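Student: Only the shape, not the letters, is given here:
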């Protein structure tokens, strides 16, 4: 996590819940988990998630409509580190975040050749992890 970031109480609770989760969490999973901490409405969770995403501390998995805490200590400026990729196990729900420079280079070449300006690129690979296969 970036050390110079001041998080609100709700943001800290949501981030800690994601860090402690064994699988991706939906906003409603987080709401249920945090009710004892004073969360009463989905909007509280969504606001915290939105800010955590903007800070690069949380990623949204589009295919699951769920969230995971960032597992990498890196600059989250999408222009500096390239594509974020996730390997998602269909059996146990484990998510591994990774970055691959070869993928970054190939996508940049394609974007230049096709004159396409990507605003966001996330790759999600679904399958079975080592333990489940």
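Tutor: Nice, thanks for sending it over. Fair warning: this is a prediction, and the values are worked out from it, not measured in the lab.

Student: Would you mind pulling up the elements that the host helix or strand of residue 87 packs against?
Tutor: Using DSSP states H and E, residue 87 sits within strand 84-89. On a contact count with 3 or more Cβ pairs under 8 Å, 6 or more residues apart in numbering; DSSP states H and E, strand 84-89 meets strand 58-61, strand 95-98, strand 122-127. Any C-beta I mention is one placed from the backbone N, CA and C, and that applies to glycine too.

Student: show me what contacts the residue nearest the centre of the chain?
Tutor: By Cα atoms, centre = their mean, the chain has its centre lying nearest to residue 59, at 1.4 Å. Contacts for residue 59 (Cβ atoms under 8 Å, 6 or more residues apart in numbering) come out as 53, 67, 68, 69, 70, 84, 86, 97, 122.

Student: packing partners for the strand or helix carrying the third one?
Tutor: This points to residue 68. Using DSSP H and E, residue 68 sits in strand 66-69. For strand 66-69, the packing partners by 3+ Cβ pairs under 8 Å, 6+ apart come out as helix 9-20, helix 27-34, strand 58-61.

Student: Let me know which of the helices and strands packed on strand 84-89 is the nearest to residue 37.
Tutor: Between residue 37 and those, the tightest spacing by Cβ to Cβ is seen for strand 58-61, at 17.2 Å.

Student: What strands line up against that closest one, and which way round?
Tutor: With DSSP bridges as the test, strand 58-61 is paired with strand 66-69 (antiparallel).

Student: What distance do you get for residue 51 to residue 33?
Tutor: Distance, residue 51 to residue 33, by Cβ to Cβ, to the nearest Å: 18 Å.

Student: re the thing from before, and the helices and strands packed on strand 66-69 as a markdown table, adding distance to residue 41 and mean pLDDT?
Tutor: Output for the helices and strands packed on strand 66-69, formatted as a markdown table (distance: least, Cβ to Cβ, whole Å; pLDDT from 0 to 100):
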| stretch | distance to residue 41 | mean pLDDT |
| --- | --- | --- |
| helix 9-20 | 11 | 97 |
| helix 27-34 | 8 | 97 |
| strand 58-61 | 19 | 96 |
